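> Predicted structure and sequence below. I'll ask about it afterward.
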Amino acid sequence: MRCIALVLLCSLAFLSPGAAQHESADTVFYNANVYTVNPSQPRAQAIAVKAGRILFAGSNQGVASYETAQTRRIDLAGATVVPGLTDSHYHLIGVGERELTLNLEGTATLAEFLARVKARVEQAAPGEWVTGRGWIETFWTPPVFPTRSDLDKISPANPVFLNRADGHGAVANSAALKIAGIDRNTRDPFGGQIIKDQATGEPSGMLLDNAQGLVAKHIPPSSNADIEKAVLVGVDHSIRLGWCEIQNAGSTYPEVELYKKLYKEGKIKLRIYNAVYGPGPNADRLLREGPTIDAFDHHFTVRTIKVVFDGALGSRGAALLEPYSDDNTSGFLREKVEQVSPMLDQALKQGIQVETHAIGDRANRTILDLYEKAMAAVTPAQRKIAEPRWRVEHAQIISPSDIPRFAKLGIIPSMQPSHAIGDLHFAPRRLGMDRLAGAYAWESLIKSGCIIPGGSDAPVERGEPMIEFYAAVARKDLKGFSGEGWHPEQAVSREDALKMFTIWAAYAAFQEKDKGSIEVGKLADLTVLSADIMQVPESEIPKTRCLMTVIGGEVVFKAS
Ligand SMILES: [Zn+2]
């Protein structure tokens, strides 16, 4: 495909502008306010598309010569167009499940949370598990975890298991703990914590990180039909928001097979750049079988291993160099260095990308050390891909002395602006003022020479492109609030925020030759917006809506 585009480019170069010998377009989009993210031609009014690729970007007048009687003409009536947006850190099935199951997002008090769960418990059959997700206690007064006794009051018999919004903690009731055999004598598993009541020594019901699995493994698994439904709902939801690609931060091989089946059946239009979990059997299989790149006409790629290296800041599972400022713990690593390290060497040799979830400054330093060690052990000549573009997902709290190491080692910090505007309400308590200097340090990383692919971590956050764009440029919550010491100088320019969700996201996926800007020869992925996000007042950005999503030249969503 790329060769054809290049030939096309060359042949066009010999034609005078406006010559009738142009290739004819399948579709033209005109009367638009286009931001191309192409530095040699930053703005345009019109785009011509043929066979899924961009044939022309320029003026309304210029596009006319690409039209024939068969060309579909789409008048965008002054709407703003940006390169098709990519969410660089997304959990597609989680997004679908959020839409399909008990969604506890936005519960403002413990009472409201319990009321919503109670309504679901009342519909459950005797003994049926009640599961849900999306609650977060940091906005409650007081901001403390719910307990099993809270849940026992509304569900004395049915087992209940409810994931915190970040997926790094869950609360279970007594019935669920009993099924899992968890009591005061159960020891913490590696990389997890069973929170116990300090006075009685009994489990409180809260399970952090790897401890969640002790209960979760007893919950009947979702049926294949349920998972397929979640994928399709997640895809539809994403396209409506204006995402043209999502980079799926972790999956298993049965899920990979499901995606392939759905692409074959023509049921997925969204592009998916997919990672599989490691170390373990999924990573082993990717290392053994090799990557899948640009399958289904550039819609599906699997070339990345996702490592979940520590917990999250809200639940105090993020691994810190010094203890938390509001508790006597330093968090924990969730994978053993001696298992990660050999996998990294192998990945370099096989040309497999690695992306590692690291939130705390200890997790970040440790993974930088491990990446550095692997890169020293396996020289560029011994690698399948000399420049491996390894990533750190979140890179949330970094010791200032580690910031320059990212650019120096060619490691990409993949970050989620909305985490900063949610976490600003509790991160100062967890970290104290000094450590905020290296927290969500977007501008410091960019100035040090990094690119930052932007993502939402949905369903941990809403997963809406305009919330992410706003968060990156405003660094304030949706009400315009940012607390003391929240480093407003780390907010990014609108130009860089746009790159985070376009060309930088493409680069972090080895896709910058095909995607990330509106340029002749690239895939015709476009996001059409209701407002000019490069110009409108900051507070207008989150109100901006997706009017149209175009993937490979096809209009896959149009707002009514
Ligand atoms: Zn994630």
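Arrived safely.

> neighbours around Met433, how many?
Close neighbours of Met433, defined as other Cβ atoms under 10 Å, add up to 10. In this view, the C-beta of every residue, glycine as well, is placed from N, C-alpha and C.

> That one: which element?
In the assignment (DSSP states H and E), Met433 maps to helix 427-435.

> Which positions in that helix come out as buried?
Ala427, Pro428, Arg430, Leu431, Arg435 (16 or more other Cβ atoms under 10 Å).

> Following element in sequence after that helix, please.
Downstream of helix 427-435 (by DSSP H and E), the next one is helix 442-447.

> contacts for that next one?
Outside helix 442-447, the residues within contact range by Cβ atoms under 8 Å, 6 or more residues apart in numbering are 395, 400, 403, 406-407, 413, 415, 417, 438, 452, 472, 489-492, 496.

> do stretch 37-45 as well
Applying Cβ under 8 Å, 6+ apart, the external contacts of stretch 37-45 come out as 30-36, 57-60, 63, 82-83, 498-499, 502-503, 516-519.

> swap in stretch 205-221?
Here stretch 205-221 has contacts from 129, 131, 145-151, 159, 161, 163, 168-174, 176-177, 179-180, 182, 186, 188-195, 311, 315-317, 332, 334, using Cβ under 8 Å, 6+ apart.

> and the contacts of stretch 37-45, which are buried?
30, 32-36, 57-58, 63, 82-83, 498-499, 502-503, 516-519.

> and the contacts of stretch 37-45, which of them are in strands?
Tyr30, Asn33, Val34, Tyr35, Ala57, Gly58, Val82, Pro83 (DSSP state E).

> I'd like those residues laid out as CSV, including distance to Val307.
Below are the ones in strands among the contacts of stretch 37-45 laid out as CSV (distance: Cβ to Cβ, whole Å):
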residue, distance to Val307
Tyr30, 46
Asn33, 41
Val34, 38
Tyr35, 35
Ala57, 39
Gly58, 44
Val82, 32
Pro83, 29
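
> for the stretch 251-400 of the chain, what spans make up the helices?
Assigned helices in the stretch 251-400 of the chain, in chain order: 253-264, 281-289, 295-298, 337-350, 361-377 (criterion: DSSP state H, counting those that start in this stretch).

> Most tightly packed of the ones you listed?
Mean neighbour count (mean count of other Cβ atoms under 10 Å) peaks for helix 361-377 among these, with a mean of 20.

> Need the nearest residue in space to Lys499, chain neighbours excluded.
Val37 (6.4 Å; Cβ to Cβ, 6 or more residues apart in numbering).

> Near the one you found, how many residues? Count them for me, please.
A count of nearby residues for Val37, using other Cβ under 10 Å, gives 20.

> Compute the distance between it and the ion, please.
Going from Val37 to the ion by Cβ to the ion, to the nearest Å gives 25 Å.

> Please renumber the chain so that the first residue is 627 from this point on.
Sounds good: first residue 627 from here, last item Val663.

> Show me which strand runs longest in the chain.
strand 926-934.

> check contacts around Leu913.
Taking Cβ under 8 Å, 6+ apart, one finds Ile931, Met969, Gln972, Ala973, Gln976, Ile978 in contact with Leu913.

> at 10 Å instead, please
The contact partners of Leu913, by Cβ atoms under 10 Å, 6 or more residues apart in numbering, come to Val902, Gly904, Pro905, Ile931, Met969, Gln972, Ala973, Lys975, Gln976, Ile978.

> Next, give me the two most distant ones among those residues.
Greatest spacing in those, by Cβ to Cβ: Val902 and Lys975 (17.5 Å).

> I'd assumed Ile821 was in contact with Asp814.
Yes: here Asp814 reaches Ile821: they are 9.5 Å apart, a contact under Cβ atoms under 10 Å.

> That'll do, ta.
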